[in-house]
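Visitor: Based on what follows, work out the 3D shape:
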Amino acid sequence: MSFFNAILNTIFDGYFGLAGMLGGDAALWIISALAGVVLLLIFKITSNQKAIKRTKERISASFLEVRLFKDDMSQMMSAQGRIFGSAFRYMGHAMAPMLWMIVPVLLLLIQMNLWYGYEPLDEGDSALVVARIEGSEPLVDMPLRLETDEGLTVDTPPLRIEALREVNWRVRAETPGSHTIRLVWGDGKDEAVTQTVQVDGAFIKIEPIRARGAWEELWNPGAVPLPSPGPVSFLEVTYSEAEVNLFGFRMHWVIAFFILSLVFGFAFKGVFGVEI
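Guide: Numbers count the residues shown, from 1 in each chain. Alright, predicted model coming up:
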């Protein structure tokens with residue numbers, strides 16, 4: 001999984017590094033347009049285009065019947081039944097390409113979330129640091145401490161939640177930049193894990209979670225997995241969710257992405273001769 005994530009990270013970091021020079025909004029429009037066209041072509045290749053066209057023609061003919069025989073209840077009800085039947089057949093034809101699209105769309109969304117999902121901290125803002133600790137040793141007996149560089153300050157002592165096997169701290173942003181926290185246990189020589197904290201970045205990749213295990217690595221591909229063996233199985237810096245501006249409206253980036261990709265997909269369906 002780490003090798004697979006490294007490939008995807010290289011591709012998307014390269015794209016956003018270049019497109020991001022135009023701004024985050026421009027990069028979102030470009031990748032949405034590319035995704036719309038690629039998904040359109042996947043739909044064309046993996047679907048039965050002739051069957052979809054026939055089904056759409058039957059639906060149109062049945063709607064025409066409803067209008068023509070609006071005074072004949074029997075004929076109108078029969079036409080409506082054919083509309084519903086054709087609609088279910090259409091959904092069946094669309095199911096196979098949708099299944100083909102699930103994996104690439106999911107991987108794309110996971111990568112995009114690293115760039116659009118979170119707001120970096122502002123100077124003076126605070127963030128919660130959450131660590132999950134494995135093992136049976138009581139948390140109160142474990143010598144855990146959180147260290148930071150000069151751009152951050154630890155505001156609170158560790159809050160140990162034994163029932164969740166969690167330890168929480170709150171850190172405050174002091175200066176702009178990419179800063180590091182260091183969670184230390186034991187004597188601290190070789191027993192520590194680090195995490196990055198982003199402060200005041202205009203358009204920057206944010207990796208809030210470090211974890212281990214294939215499943216966690218799939219959902220959190222941006223950060224290096226936590227070492228194993230080791231007591232720390234999860235380390236997170238909490239950020240506020242980000243929003244993007246689309247047509248003058250503030251919304252979650254996923255909504256904006258799907259709107260744009262659908263717009264571009266429908267705009268190019270005639271160019272590529274795709275029945276949708």
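
Visitor: And the strands in the stretch 151-276 of the chain?
Guide: For the stretch 151-276 of the chain, the strands defined by DSSP state E, counting those that start in this stretch cover 152-154, 159-161, 166-173, 177-184, 192-199, 209-211, 232-237, 240-241, 244-246, 249-251.

Visitor: Tell me which residues of the fifth one come out buried.
Guide: Read it as strand 192-199. Within strand 192-199, the residues scored as buried using 16 or more other Cβ atoms under 10 Å are 192, 193, 195, 196, 197, 198, 199. Every residue, glycine included, has its C-beta placed from N, CA and C.

Visitor: correct me, but the second one touches residue 231?
Guide: No. Between residue 193 and residue 231 no contact is recorded; they are 9.5 Å apart, counting by Cβ atoms under 8 Å.

Visitor: And the lengthiest helix in the chain, what does it pack against?
Guide: Ranked by residue count and defined by DSSP state H, the top helix of the chain is helix 73-116. Of the remaining helices and strands, those touching helix 73-116 by 3 or more Cβ pairs under 8 Å, 6 or more residues apart in numbering; DSSP states H and E are helix 2-19, helix 24-46, helix 49-68, helix 253-268.

Visitor: what angle separates that helix from helix 2-19?
Guide: For helix 73-116 against helix 2-19, the angle by axes from the mean of the first three to the mean of the last three Cα atoms, to 10 degrees is 90 degrees.

Visitor: could you measure residue 86 against residue 118, distance?
Guide: Taking Cβ to Cβ, to the nearest Å as the measure, residue 86 and residue 118 are separated by 44 Å.

Visitor: Same question for residue 276.
Guide: According to Cβ to Cβ, residue 276 stands 34 Å off from residue 118.

Visitor: Which one's more surrounded, those two?
Guide: A count of neighbours by other Cβ atoms under 10 Å puts residue 118 above the other of residue 276 and residue 118, at 20 against 14.

Visitor: Just give the closest residue to the more buried one, not the sequence neighbours.
Guide: Counting by Cβ to Cβ, 6 or more residues apart in numbering, residue 239 is the residue found nearest to residue 118 once chain neighbours are left out, at 3.9 Å.

Visitor: so how many other residues sit close to the one you found?
Guide: Close neighbours of residue 239, defined as other Cβ under 10 Å, add up to 18.

Visitor: Spit out the contact partners of it.
Guide: Neighbour list for residue 239: 118, 119, 120, 121, 127, 198, 206, 208 [criterion: Cβ atoms under 8 Å, 6 or more residues apart in numbering].

Visitor: Closest one of the residues you listed to residue 167?
Guide: For the contacts of residue 239, the residue nearest residue 167 by Cβ to Cβ is residue 127; the value is 14.9 Å.

Visitor: My read is that that closest one contacts residue 179, right?
Guide: No. Between residue 127 and residue 179 there is no contact, the gap being 10.7 Å when judged by Cβ under 8 Å.

Visitor: Those two: which is more packed in?
Guide: Shown here are residue 127 and residue 179; by other Cβ under 10 Å, residue 127 has more neighbours (24 against 21).

Visitor: residues near the nearest residue to residue 246 once chain neighbours are set aside, how many?
Guide: For residue 246, the nearest residue in space outside its immediate sequence neighbours is residue 256; the separation is 4.3 Å by Cβ to Cβ, 6+ apart. Residue 256 has 22 neighbours, counted by other Cβ under 10 Å.

Visitor: ok, now the one 10 residues further on?
Guide: Neighbours of residue 266 under the rule other Cβ under 10 Å: 13.

Visitor: gap between it and residue 183?
Guide: From residue 266 across to residue 183, the span is 49 Å (Cβ to Cβ).

Visitor: Relative to residue 135, which of the buried residues of strand 192-199 is nearest.
Guide: Out of those, the one with the shortest distance to residue 135 is residue 193. That distance is 14.8 Å, counting by Cβ to Cβ.

Visitor: Save the contacts of residue 239 as TSV, and put in pLDDT and distance to residue 165 too.
Guide: As requested, the contacts of residue 239 are exported to TSV (pLDDT from 0 to 100; distance: Cβ to Cβ, whole Å):
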residue	pLDDT	distance to residue 165
118	96	25
119	95	29
120	95	29
121	96	26
127	97	21
198	95	27
206	95	25
208	95	19
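
Visitor: Distance to residue 42 for those residues - can I get that in CSV?
Guide: Below are those laid out as CSV (distance: Cβ to Cβ, whole Å):
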residue, distance to residue 42
118, 29
119, 33
120, 34
121, 38
127, 39
198, 34
206, 29
208, 31
